[in-house]
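1. give me a 3D structure for the following:
(one chain, ligands or ions: 1)
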Amino acid sequence: MLELQIKDLCVGYNGKEILHNISLDIENGSFIAIVGPSGAGKSTLLKQINRLDPGKTGGSILWRGKDVDDYDVHELRRNLAYVFQKAVMFNGTTEENIKLSLKYGHEFKPDEIEALYQTVLEEASISQDILDTPAQDLSGGQQQRVGIARVLLMGSPVLLLDEPTASLDVETSNKFCQTLKQLKGGPAAKDGKKRTFLMITHRLEEAKFLADKILMIEAGHIVEYTDCETFFTHPQTQRAAEFLKAQAL
Ligand SMILES: Nc1ncnc2c1ncn2[C@@H]1O[C@H](COP(=O)(O)OP(=O)(O)OP(=O)(O)O)[C@@H](O)[C@H]1O
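-> Next comes the predicted model:
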């Protein structure tokens, strides 16, 4: 089943085109790593998916067959959740910070919430000592896991991850990727369909570890959209081969 279809998407600002005729299909349950040089348009693409970027000039994005523009924006963002480079922590306990997402029009019955909460803590590797610490005192890696827990508590089937490990050290980042790996392929809450991940990363080893497919973008164009192994072992384009070679230096 197709989770997302992007058709001839064009984005531009002040007459300058940032994304040019992007078309791609994303299967339910897949993990897509989005790679490419700085300024390629990766974040712009991700933000287009849940309408965080206002620059669309043409084309369409369908989530489960319906144009994202036709959804109520809160419903859309609850289902296609954006995870930023750094999760924002508010005053209060970690538990309060995680349960904050329940305020955003969730569809769960009260008795379902507690069960889901317990599952989410396990899935996002949130231990009791993290819960007991004020959220603002948590380390960067712990805060990112709290951010993920919030998204899971909303039951979002699609996670849009914009460089979630960029501000983490290598060890913490590896732990965070282990958490994502555990989540991968797991059923989304409620509808039983699998979770789908789109993650921007500059760390190719993370893409290799997590992704089913790699989407490489450069200067607003798709360079390659291929399965992970093929991308790393037999890139189909000269440009992808050069990109991989440069990263290996
Ligand atoms: N609101 C905006 N107005 C004008 N230009 C914009 C806007 N948003 C993005 N851009 C431009 O679009 C281009 C692509 O930006 P984007 O953030 O999508 O790139 P990126 O591939 O995510 O880069 P990075 O890897 O450095 O985060 C950049 O040149 C950026 O300046």
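2. quick one, strands of the protein?
-> 2-13, 16-27, 31-35, 56-63, 66-67, 80-83, 158-162, 196-200, 213-218, 221-227 (DSSP state E).
3. for the first one, packing partners?
-> Using 3 or more C-beta pairs under 8 Å, 6 or more residues apart in numbering; DSSP states H and E as the contact definition, the elements that strand 2-13 packs against are strand 16-27, helix 42-49, strand 56-63. Where C-beta positions appear, they are placed from N, C-alpha and C, glycine not excepted.
4. repeat the analysis, applying 6 Å as the threshold.
-> strand 16-27, strand 56-63 (3 or more C-beta pairs under 6 Å, 6 or more residues apart in numbering; DSSP states H and E).
5. ditto for the last one
-> Based on contacts counted as 3+ C-beta pairs under 6 Å, 6+ apart, the elements that strand 221-227 packs against are strand 213-218, helix 238-248.
6. surely residue 44 touches residue 18?
-> Yes: using C-beta atoms under 6 Å, residue 44 is in contact with residue 18, at 5.3 Å.
7. more neighbours: these two, which one.
-> residue 44 (22 against 19; other C-beta atoms under 10 Å).
8. give the contact list for that one.
-> 11, 18, 19, 53 (C-beta atoms under 6 Å, 6 or more residues apart in numbering).
9. closest to the ligand out of those residues?
-> residue 18 (4.1 Å; C-beta to the nearest ligand atom).
10. report pLDDT for the closest one.
-> For residue 18, the pLDDT comes out at 96.
11. I figured it hits residue 11, correct?
-> Yes: the criterion here is C-beta under 6 Å, and residue 18 meets it with residue 11 at 4.8 Å.
12. anything in contact with each of residue 44 and residue 18?
-> residue 11.
13. name the residues of the chain found near the ligand, please.
-> 13, 18, 36, 38, 39, 40, 41, 42, 43, 44, 55 (C-beta under 6 Å from any ligand atom).
14. are any of these buried, and which?
-> 18, 36, 40, 41, 42, 43, 44, 55 (16 or more other C-beta atoms under 10 Å).
15. isn't the fifth one up against residue 200?
-> Yes: counting by C-beta under 6 Å, residue 42 touches residue 200, with 4.7 Å between them.
16. spit out the residues that contact those two alike.
-> Joint contacts of residue 42 and residue 200 (C-beta under 6 Å, 6+ apart) are residue 34.
17. mind putting the strands of the chain in TSV, distance to residue 177 included?
-> Formatted as TSV, these follow (distance: least, C-beta to C-beta, whole Å):
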stretch	distance to residue 177
strand 2-13	21
strand 16-27	20
strand 31-35	11
strand 56-63	26
strand 66-67	32
strand 80-83	13
strand 158-162	11
strand 196-200	10
strand 213-218	15
strand 221-227	19
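18. out of those strands, nearest to residue 129?
-> With C-beta to C-beta as the measure, strand 80-83 is the member of the strands of the chain nearest residue 129 (22.9 Å).
19. which strand residues bridge residue 200?
-> The partner list for residue 200 in beta bridges (DSSP bridges) reads residue 34, residue 162.
20. what sits against it?
-> Contacts of residue 200 by C-beta under 6 Å, 6+ apart are 34, 42, 162, 163.
21. residue 56: neighbouring residues, count only.
-> Residue 56: 18 neighbours (other C-beta under 10 Å).
22. sorry, slip of the keys, the one I care about is residue 73.
-> Neighbour tally, residue 73, other C-beta under 10 Å: 12.
23. low-confidence regions, the chain specifically.
-> For the chain, applying pLDDT under 70 flags the ranges 104-107, 249.
24. which residue is the nearest non-sequential neighbour of residue 13?
-> residue 55 (5.2 Å; C-beta to C-beta, 6 or more residues apart in numbering).
25. relative to residue 16, how far out is that neighbour?
-> 10 Å (C-beta to C-beta, to the nearest Å).
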